[in-house]
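[1] here is a sequence together with a model predicted from it:
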Amino acid sequence: YDRQRFWSDDDRENPVTGGKTSQDGAFQNAGGALSLRGGADYNLTPKDRLSAEVRYRGMDYFTGGEETFTTLVPAAGPAYVRDSSANMDRKNGAVSGDWRHQFKGSDHELDAHLEYEVTDFKRNGRAFTDQALSPDFYESFGFGNKQDRANFKLDYTRPMPDEAKLKTGLDLETTSNDYDNHGAQGASMDSLVVVPALTNRFLYDQDVYAGYVTYERPFGDFTVLGGLRAEQVEIHTNQVTSVQKDDNSYFHLYPSLHMGYTLSQTQSLTANYSKRVQRPQPQDLNPYPIYIDPKNFAAGNPDLKPQITDSYELGWQYRKGPNSYLATAYYRESRDGVASVTHDLGDGTFLTTRENLAKSRNGGLELVANGKLTPKLSYNISGNAYWNEIQSTIPGVVGNRDMTTLSGRASLSWQATPKDFFQLNGFTSGKRLTPQGYNEPISLLNLGYRRKVNDKLNFVVTANDVLDSFKNASVIDTPTLKQRVERTANVRAVFFGFTYSFGGGKPRPEQFDFGSGAVGG
């Protein structure tokens, strides 16, 4: 169970017309989640093992709050106060089965995996809007998605002469999504009328047929691993309400090459190349505007292409005892990256759409260090300095933009006694480039304490955001639109909980879940 308050402050300006608006809100979330998981293994023969797993996760959250919209320039423009409440319910269940057959010899096996997953998401709400210049109105709104996903994998591993290894396999996945958006407005809750502009249904089906092969072989201190993945993708979309159907199919090859060289017992070098794909999310392809609030709408783009990225890396690694150091220089070039673009529709109303960027590039240096300062005091530090460039031909987005950013995270752990464990954990994201502006840095500092009662029971205390520094701010800065959105929340909190291990499995590593407070509870 969790309860949290958060606030938003949205200031907008149109430099062309001189119009300025402000939208502020205060909200509260409350709800909980339940996770269940069970599995079983059965040795059919000495060389054949069957496995089965069933899992379920349910979430139910309530959000309520008030927001105020004010037109600053001109002073007599639209203004309103809106009270809203919504309930979010998400249920996810899956069942899977595995078969593993071991052939004669080491590392010679065949693995088969079959999985079926169902997800049901609903968000339904109500609101009352008190307008200064227009009649007040009530509304109900909702968003739902039902997804069915089936996946079959077949992996074959075989040792080859000269200590080489061959891997090949198939990966077949089919996904079906049914999105349902609805909205109604009226002078009272008893006289609501469906608003066609807020009501639509969108169907999305995607089939991915993939096969891969990798071959690894050592040449003394030098090792080469080459791979190739082939994918055939079939996508079918149907915007039922506007009778807009689209089909998209494509075939791509994704090669990879990984090379390693052992300098000594403690040092090694690596060089890697890979081509990767990142497909748009289903809702990104829905062209029908989705209602968020009276001044904010979102719409997808059925013409979106998948993002293709070429990645190059050079690495150095040092390991000795409990200490390890890693340095990685990288360069990545992407085309058709999917990005959010915000358009000013006038009168303080914004539409956020999804578009393909022409090209983006980034490169940098990542440093990682792990080790022990004393037998009881250990550390983990990582830092990333990188440069990012966005090239775009999208209307409303400046052509070429670039930025250099620093980010990092660190933790300091102290095993005070065999039963008492403390940890200090912090991170900073640095300033991040977006197509129309940037996101401001985010920094957090957390504390954790674990008391071991016995081999199965631990008591846990976590303190999140001890400096009360959490703030998430994004900026749009273009010749036709300027916006700053700042979101804050009462992340600063102390959680008490416990963990209890059943059975004889491996104990959980000494770490804390700072994202959701104490583990268990």
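    Perfect, I can see it now.
[2] can we go C-alpha only for contacts and neighbour counts from here?
    Will do.
[3] hmm, who's touching stretch 364-377?
    Contact with stretch 364-377 is made by 322-331, 378-387, 412-416, as judged by C-alpha atoms under 8 Å, 6 or more residues apart in numbering.
[4] same question, stretch 230-244
    Stretch 230-244 has contacts (C-alpha under 8 Å, 6+ apart) with 199-212, 245-254, 285-288, 302.
[5] report the buried members of these.
    Neighbour counting with 16 or more other C-alpha atoms under 10 Å marks 199-212, 254, 285-288, 302 as buried within these.
[6] all strands of the stretch 401-521 of the chain, in order?
    420-428, 432-434, 437-439, 443-452, 457-464, 472-477, 482-489, 493-500 (DSSP state E, counting those that start in this stretch).
[7] let me redo that: the stretch 101-250 of the chain
    109-131, 137-160, 164-186, 193-194, 200-219, 222-239, 244-262.
[8] partner strands of the last one and their direction?
    Applying DSSP bridges, strand 244-262 is found paired with strand 222-239 (antiparallel), strand 267-278 (antiparallel).
[9] contacts only, for Pro196.
    So Pro196 contacts Gly183 (C-alpha under 8 Å, 6+ apart).
[10] for the closest residue to Ala489 other than its chain neighbours, give its distance to Asn464.
    Ranked by C-alpha to C-alpha, 6 or more residues apart in numbering and with sequence neighbours excluded, the top spatial neighbour of Ala489 is Phe6, at 3.9 Å. Distance of Phe6 to Asn464, computed by C-alpha to C-alpha, to the nearest Å: 15 Å.
[11] center of the chain, which residue is that?
    The residue lying closest to the centre of the chain (C-alpha atoms, centre = their mean) is Gln281, at 11.2 Å.
[12] show me where pLDDT drops low in the chain?
    Scanning the chain for pLDDT under 70 picks out 1-2, 395-398, 502-511, 513-521.
[13] the same query, at a cut-off of 50, please.
    By pLDDT under 50, the low-scoring segments of the chain are 505, 516-521.
[14] I'd say Phe152 and Leu114 touch.
    Yes. The pair formed by Phe152 and Leu114 meets the contact definition of C-alpha atoms under 8 Å, at 4.6 Å.
[15] between the two, what contacts are shared?
    Counting by C-alpha under 8 Å, 6+ apart, nothing touches both Phe152 and Leu114.
[16] which among the contacts of stretch 364-377 count as buried?
    Of the members of the contacts of stretch 364-377, the ones counted as buried by neighbours, 16+ other C-alpha under 10 Å, are 324-331, 378-387, 412-415.
[17] so which of these are in helices?
    Taking DSSP state H, every one of these sits outside helices.
[18] now, which of these lie within strands?
    Of those, the ones assigned to strands by DSSP state E are 324-331, 378-387, 412-415.
[19] mind listing what Phe297 touches?
    Applying C-alpha under 8 Å, 6+ apart, the residues near Phe297 are 289-291, 350-352.
[20] so what's it bridging to?
    According to DSSP bridges, beta-bridge pairing links Phe297 with Tyr291, Leu351.
[21] before we move on, what about Glu139?
    Ala127, Gln185.
[22] contact partners for it?
    The contact partners of Glu139, taken as C-alpha under 8 Å, 6+ apart, are 126-128, 183-186, 189, 192.
[23] same deal with Tyr291?
    By C-alpha under 8 Å, 6+ apart, the residues touching Tyr291 are 183, 198, 297-298.
[24] hmm, try it at 7 Å
    The contact partners of Tyr291, taken as C-alpha atoms under 7 Å, 6 or more residues apart in numbering, are 198, 297-298.
[25] so how far is Asn145 from it?
    For Tyr291, the distance to Asn145 - C-alpha to C-alpha - is 15 Å.
[26] Ser360 too?
    32 Å.
[27] check Tyr325 too.
    According to C-alpha to C-alpha, Tyr325 stands 45 Å off from Asn145.
[28] and what of Arg5?
    Arg5 sits 26 Å away from Asn145, going by C-alpha to C-alpha.
[29] please identify which of those two sits among more neighbours.
    Set side by side, Arg5 and Asn145 show more neighbours around Asn145, with 19 against 16, by other C-alpha atoms under 10 Å.
[30] give me the beta-bridge partners of the more buried one?
    Phe121, Tyr179.
[31] that one contacts Asn124, doesn't it?
    No. Contact criterion C-alpha atoms under 7 Å: Asn145 and Asn124 do not qualify, at 11.9 Å.
[32] picking that back up, can I get the contacts of Phe297 in CSV including distance to Asp11?
    Converted to CSV, these look like this (distance: C-alpha to C-alpha, whole Å):
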residue, distance to Asp11
Pro289, 22
Ile290, 22
Tyr291, 20
Phe350, 12
Leu351, 15
Thr352, 16
